[in-house]
Every structure is written in structure tokens, then in C-alpha cells.
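Colleague: compute the structure for the input listed below.
(one chain, ligands or ions: 1)
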Amino acid sequence: MLTISICVGSSCHLKGAPKIVHLFREAISENNLKDKVTLSATFCLGRCAEGVCVKIGEDVIVNVSVNNFDEIFEKHVLGALK
Ligand code: FES
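Modeller: Residues are numbered from 1 along each chain as shown. Alright, predicted model coming up:
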């Protein structure tokens, strides 16, 4: 099981974390990954200046945005499940 934790600290929230949560939900369902991935929320990951921050497995991915979401999902989620 791969755990994806999206930072819901105030800085990441302001930078669009709720939208990123939504994109993860959609991508997980589109790729039929509900049994392989757990989506959760995490408190501040200490990288506020680089938000939105997302922890995928043991890696913290910074600067996650609507623009680079697809690329990050493919590399860090689909890539990790291969
Ligand atoms: S608020 Fe997200 S890293 Fe601090």
C-alpha cells in the first residue's frame, strides 16, 4: 500500500492543497488504484515556502500544483507502484 499524505497546513492550504486533494482523488479512481493507495492528510511538513507539499511513501514532493500534477502522479505514484 502506498500512502499519499497531502499537507493541510495553512501555507499549503492557501497555495491550493484542497484542489490537489481533489486531483489525487480523481487520478486514483481513474487509474483504479483504490486498493493500492491510501490518501490522507498531514500536518505541516516543514517546507511551507515550497508548498503544496505532498508526502508519497517516504518522499516529500514539493511545489505540487495543478500544472505539474499529472507529471508528479505519473512519476511518483504510478512509478512507485510498477
Ligand atoms: S504548511 Fe505545508 S509544509 Fe508547512
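Colleague: now do the strands in the chain.
Modeller: For the chain, the strands defined by DSSP state E cover 2-7, 37-42, 54-56, 59-61.
Colleague: could I get the ones you listed as TSV with mean neighbour count?
Modeller: To be clear about C-beta, it is placed using only N, CA and C from the backbone, and glycine gets the same treatment. As requested, those are arranged in TSV below (neighbours: other Cβ atoms under 10 Å):
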stretch	mean neighbour count
strand 2-7	20
strand 37-42	14
strand 54-56	22
strand 59-61	15
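Colleague: among the ones you listed, which is nearest the ligand?
Modeller: strand 2-7 (3.4 Å; Cβ to the nearest ligand atom).
Colleague: mean confidence for the longest helix seen in the chain?
Modeller: Longest helix of the chain, by residue count under DSSP state H: helix 17-30. In this model, helix 17-30 has a mean pLDDT of 98.
Colleague: please apply the same query to stretch 61-78.
Modeller: Rounded mean pLDDT across stretch 61-78 is 98.
Colleague: only the buried residues of that stretch, if you could.
Modeller: Using 16 or more other Cβ atoms under 10 Å as the test for burial, stretch 61-78 gives 61, 64, 69, 72-73, 76-77.
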